[in-house]
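A.B. asks: Dropping the sequence and predicted coords here.
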Amino acid sequence: MTVSPSLIEVRNNNLPAYAVFAAMLSAAGLPIYIHAPKYFVDEYGVSLVALGSVLFILRLLDVVQDPFFGRLSARLGRRRGVAISVACVVMALGMLGLFLNIERLSAREIEVLREEYKAQRDAAGKLKRLV
């Protein structure tokens, strides 16, 4: 199987864009692996064995989905920025759904969430310009 040179070419001027994207993904993963176990044990009484099993299954899912998303990214070409923006919004909503108990939100907390959403949207726009 031959690989197109355009798929494996990484120029030095593109490395900061890749680094920013990797940093954003790593920052999104930190709450899941560091804060989620304590949060779900304290709030919902979930066992650590169950949480560990779910996190392990998620890592196994990454083994399958990462190559798929790599191929999808290569096919998207110049439309990749739009896909990244949509993915950022989905990831932000997923994090909110993971850690928020909607019944307990105050008006101030809802306003903070709106500000965080705007910041995420602005960051996605900046990332789009980098890529």
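C.D. replies: All right, it came through fine.
A.B. asks: Flag the shaky bits of this structure, pLDDT-wise.
C.D. replies: 1-14, 101-105, 131 (pLDDT under 70).
A.B. asks: change it to 90
C.D. replies: 1-52, 54-55, 58-59, 62-131 (pLDDT under 90).
A.B. asks: where do the helices sit along it?
C.D. replies: Counting by DSSP state H, the segments of the chain that form helices are 5-8, 15-30, 36-44, 48-76, 80-99, 107-130.
A.B. asks: okay, now residue 124: neighbour count?
C.D. replies: Residue 124: 20 surrounding residues under other Cβ atoms under 10 Å. All C-beta atoms are positioned from the backbone trio N, CA, C, and that covers glycine.
A.B. asks: Could you tell me which residues make contact with it?
C.D. replies: Residue 124 makes contacts with 84-85, 88-89, as judged by Cβ atoms under 8 Å, 6 or more residues apart in numbering.
A.B. asks: could you redo the last one with a cut-off of 7 Å?
C.D. replies: 84-85, 88 (Cβ atoms under 7 Å, 6 or more residues apart in numbering).
A.B. asks: possible to save those as CSV with distance to residue 72 and neighbour count?
C.D. replies: Converted to CSV, these look like this (distance: Cβ to Cβ, whole Å; neighbours: other Cβ atoms under 10 Å):
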residue, distance to residue 72, neighbour count
84, 11, 18
85, 15, 17
88, 16, 20
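A.B. asks: now the residues you listed as JSON lines including distance to residue 99?
C.D. replies: Putting these into JSON lines (distance: Cβ to Cβ, whole Å) gives the following:
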{"residue": "84", "distance to residue 99": "23"}
{"residue": "85", "distance to residue 99": "22"}
{"residue": "88", "distance to residue 99": "17"}
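A.B. asks: Let me know the closest of these to residue 118.
C.D. replies: Comparing these against residue 118 with Cβ to Cβ places residue 88 closest, at 12.3 Å.
A.B. asks: what's the spacing between the closest one and residue 96?
C.D. replies: 13 Å (Cβ to Cβ, to the nearest Å).
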